[in-house]
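Asker: got a predicted structure here, sequence first:
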Amino acid sequence: MFQKKQTILKKILKKIGKFFKWFGVFLILLFSMLLGMIIYWVIRPNTSEVNYTLSTEYWVAMGLKIEGHSHNSNTDMIYWNGSFYLVHQNSPYHLTSKQSKLIIWRSSDAISWDLVKIIYYQEDIRDPKFAVIGSRLYMYALVNFGEFIASPETTVYTYTEDGQSWKDFKFIEPYGWLFWRPKTRDNNTWYVPAYWRGHGASILLNSTDGMHWDFVSPIYYGERNDETDIEFFPDGRMLSTGRLEGESEFLFGDNRGSTVIAVSKHPYKSWTYIKSQLTRLDGPCLFEYAGKIFAVGRYETQNDPVFHQQGSFFNRKRTSLFLVSEIGLVHLADLPSAGDTSYAGVVIRGDQAYISYYSSPINQDWPWILGVISESAIRMAKIDLDRLTSLAEMKLLQGVNNDKNIELPWQEYIVFSFIIIIQNSIIYLLKRYNPLSKRKKKIKQKITHIQVILLMEYIK
């Protein structure tokens, strides 16, 4: 009886040994493929479509290390009392961090910058937005409470009357609504779009003092409606763009993601809509020139049914210029950018637009997933608006095309396909060699669940 048990034990140990032998081989192969993909991501050249007829003036405003952190992001910029004011977030990485802070700079030429103030907060703080209301320069920002992935909770505000001394942050009502950029046509009434902290709804508010805001109308509801900006046409109509994330938070994105373009006449109570599938416009910054509305925002350059859907962590992303109209988005040109990028501010001086934004290093073409944990710099661009308008008119004559070409990055497909092969192999090995049937069943179910998700994303 004892010998029989020994024989059974030896067989079990032999099977376990075989399992771990092959499992180890596959893990090494998988690690090698992943390492190869990361190396490819790091060394591949940048393919930004920068139109140098619009400008040859692009420069780094703030370097990669400020106050000990190397990830600089979420910019805004305004011209007030004879100076440019620029604000941005500084943090260890793009993810939520209580070490994040806002840094305010001032410049006479947008090239040389003097530090005005570093603003700390007890929680993660990001997405600052300026507005000159009355004699004060206001700044609104979004706070996050203790989550790993940034999901802002509500809006706070501060202001200055001299550009140097800033009040302490205060919460603003209505609580839970996340303010974007306030704007006005008459310097009497300011309007601000705001989206709900749980995503899925955006509204329009107005104010006469920048501190007390009243509800005007709902802008859009559904599809994980997120960051929303507004701008005025010369005839007084208001145009809004809203980031629609779709219904999935999957790692590879969701091709139901899009940009909703809404238009309303004064008093801005009702809206008409059109959706653009060209990109999911993250971090929108709208501005008007010569009767046309333009946007600076994040452009998703890749689009396929599986790995590079709208919002995919593995996409190449750009800060780009768009024409925004009632018939859709038109991509005009990229700014030098890569990796984690966008969230711009725009100041118009005469026929020139000064644009602040941030980007991972532009000599490579990292996917977003690498950019969010790596260094990034605050960059500037100076764009000739007459040339931008001419480019927009030429693109309109060609027709609005929201069908993006599908790019097939074969190197990445090889790796992701290999991951699926590895999953199938692990399932086979578990079935063939693992005597711990209960544990085998649990692991198999988990891996099969991953495959089902991949399959469902492909079917979509």
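Answerer: Now that the structure is in, tell me what you want to look at.

Asker: would you agree L385 is in contact with D351?
Answerer: Yes: judged on C-beta atoms under 8 Å, L385 makes contact with D351 at a distance of 5.0 Å. To be clear about C-beta, it is placed using only N, CA and C from the backbone, and glycine gets the same treatment.

Asker: settle it for me: which of these two has more neighbours?
Answerer: Legend: neighbour count by other C-beta atoms under 10 Å for L385 and D351, higher for L385 (19 against 14).

Asker: ok, the more buried one to A392 distance?
Answerer: With the distance defined as C-beta to C-beta, to the nearest Å, L385 ends up 10 Å from A392.

Asker: also P234?
Answerer: P234 sits 15 Å away from A392, going by C-beta to C-beta.

Asker: ok, these two, which is more surrounded?
Answerer: For P234 versus A392, the count of surrounding residues by other C-beta under 10 Å is larger for A392: 22 against 10.

Asker: just want the phi and psi numbers for G36.
Answerer: phi -60, psi -40 (degrees, to the nearest 10).

Asker: do T389 as well
Answerer: phi -60, psi -40.

Asker: pretty sure it sits against Y289.
Answerer: Yes: with contacts counted by C-beta under 8 Å, T389 reaches Y289, the gap being 6.4 Å.

Asker: S32: what secondary structure?
Answerer: helix (DSSP: H, G, I helix; E, B strand; the rest coil).

Asker: per-residue pLDDT of it, please?
Answerer: Looking at S32, its pLDDT is 71.

Asker: pLDDT below threshold where in this protein?
Answerer: The model of the chain has pLDDT under 70 over residues 1-26, 30, 33, 63-68, 248-250, 400-460.

Asker: ranges for the helices of it?
Answerer: Counting by DSSP state H, the chain has these helices, from start to end: 2-43, 368-371, 385-398, 410-433, 437-459.

Asker: which ones are touching the closest residue to F130 other than its chain neighbours?
Answerer: Nearest residue to F130, sequence neighbours excluded (C-beta to C-beta, 6 or more residues apart in numbering): I78, at 3.9 Å. Neighbour list for I78: 84-85, 130-132, 137, 345, 347 [criterion: C-beta atoms under 8 Å, 6 or more residues apart in numbering].

Asker: max pairwise distance over these: which two?
Answerer: Greatest spacing in these, by C-beta to C-beta: F84 and A131 (15.1 Å).

Asker: which parts of stretch 368-381 are buried?
Answerer: 368-372, 374-381 (16 or more other C-beta atoms under 10 Å).

Asker: and the residues you listed, which is closest to L239?
Answerer: A381 (22.7 Å).

Asker: out of the contacts of I78, the closest to S337 would be?
Answerer: G345 (14.7 Å).
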